[in-house]
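1. Take a look and give me a structure for this.
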Amino acid sequence: MGIEDRRIQYETAGLDIGDLDADPIVQLNHWYHQAESAKVAEPNAMVLSTVDALGHPDSRVVLARAIDKQGITFYTNHESVKGMQISGEPRGAATFAWLDLHRQVRIRGVITKVEDAISDAYFAVRPRASQLGAWASPQSQPITDRAKLDQLYSDVELRFNNVEVPRPPHWGGFTLSVESIEFWQGKPNRLHDRFLYTHKIVGWQISRLAP
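-> Numbers count the residues shown, from 1 in each chain. Below you'll find the model as predicted:
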């Protein structure tokens, strides 16, 4: 079967406006917990899109670590490519794709750094190996080979031998605010259900979109 022939018929009950919560964050958390209960692989994985200084788009998968009224929070090296792009142009977008449930959610908003205390608290509960990795990896920078990376990790391991690993100053959280968010539910014949929440001065406006 060629890629052009691959098709899946989405046989779901669909989605109606009456199924949606008036608050999109409540709705997003509801769908996230359903994906988690359905044992979707990495239900908190989302595609994060940013742009560089020339306006060229860039995308990668990151893990959401909080979904609340502030937005969607994730953590990374602030000196990485995505970190530098966010510093230069803070507008971004994210997509959750829960394919097992024939669902996706698209979010657009502004990305801001979280407070240091929040980054400190999250870093403190990460596995120690991940804490060391945050110090060891010059994320997005060229390195000669794997052996170089392994050596950097060994050096950091020695540096923090038998002591708690502090959060690196260049590592922390970002939050993507929710200015608009679309919930997409697959339906037969590609006549999918789509609902767009748009933030207004007071509350949210919900619109049905054609598939």
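
2. Residue most distant from the centroid, this structure?
-> residue 162 (33.0 Å; C-alpha atoms, centre = their mean).

3. Check which helices and strands the longest strand along the chain is in contact with.
-> Secondary structure of the chain read by DSSP state E shows that its longest strand is strand 103-113. Applying 3 or more C-beta pairs under 8 Å, 6 or more residues apart in numbering; DSSP states H and E, we find strand 103-113 packed against helix 24-37, strand 91-98, strand 171-176, strand 180-185. To be clear about C-beta, it is placed using only N, CA and C from the backbone, and glycine gets the same treatment.

4. Now do that strand against strand 91-98, angle only.
-> Angle, strand 103-113 to strand 91-98, by axes from the mean of the first three to the mean of the last three C-alpha atoms, to 10 degrees: 150 degrees.

5. Tell me which helix or strand comes right after strand 103-113.
-> For strand 103-113, the following helix or strand on the C-terminal side (DSSP states H and E) is helix 116-124.

6. Tell me which residues are up against that next one.
-> Applying C-beta atoms under 8 Å, 6 or more residues apart in numbering, the set of residues contacting helix 116-124 from outside is 65, 73, 75, 131, 134, 167, 171, 172, 173.

7. And the residues you listed, which two are furthest apart?
-> 73 and 131 (18.1 Å; C-beta to C-beta).

8. which one of the two has more residues nearby?
-> With neighbours defined as other C-beta atoms under 10 Å, residue 73 and residue 131 compare such that residue 131 has more, 21 against 18.

9. so the more buried one is in which element?
-> Here residue 131 sits within helix 128-136, counting by DSSP H and E.

10. How about residue 74?
-> Counting by DSSP H and E, residue 74 is part of strand 71-77.

11. The next helix or strand after that strand to strand 171-176, inter-axis angle?
-> Downstream of strand 71-77, the first helix or strand assigned by DSSP H and E is helix 81-88. Orientation of helix 81-88 against strand 171-176 (the same axes, to 10 degrees) gives an angle of 60 degrees.

12. Mind pulling up the pLDDT for residue 5?
-> Predicted confidence (pLDDT) for residue 5: 66.

13. Also residue 142?
-> pLDDT at residue 142 comes out at 92.

14. and it, helix, strand or coil?
-> The three-state label given to residue 142 by DSSP: H, G, I helix; E, B strand; the rest coil is coil.

15. Quick one: classify the residue positioned nearest the centre of the chain as helix, strand or coil.
-> For the chain, residue 46 is the residue whose C-alpha lies nearest the centre (C-alpha atoms, centre = their mean; 3.8 Å). Secondary structure of residue 46, reduced to three states by three-state DSSP: strand.

16. Look up how far residue 91 lies from it.
-> 16 Å (C-beta to C-beta, to the nearest Å).

17. Any regions of the chain where pLDDT drops low?
-> Applying pLDDT under 70 to the chain flags the ranges 5.

18. one more time with 80, if that's ok
-> Low-confidence segments of the chain (pLDDT under 80): 1, 3-13.

19. Quick one: residues contacting residue 185.
-> Per C-beta under 8 Å, 6+ apart, neighbours of residue 185: 12, 14, 15, 102, 103, 192, 193, 194.
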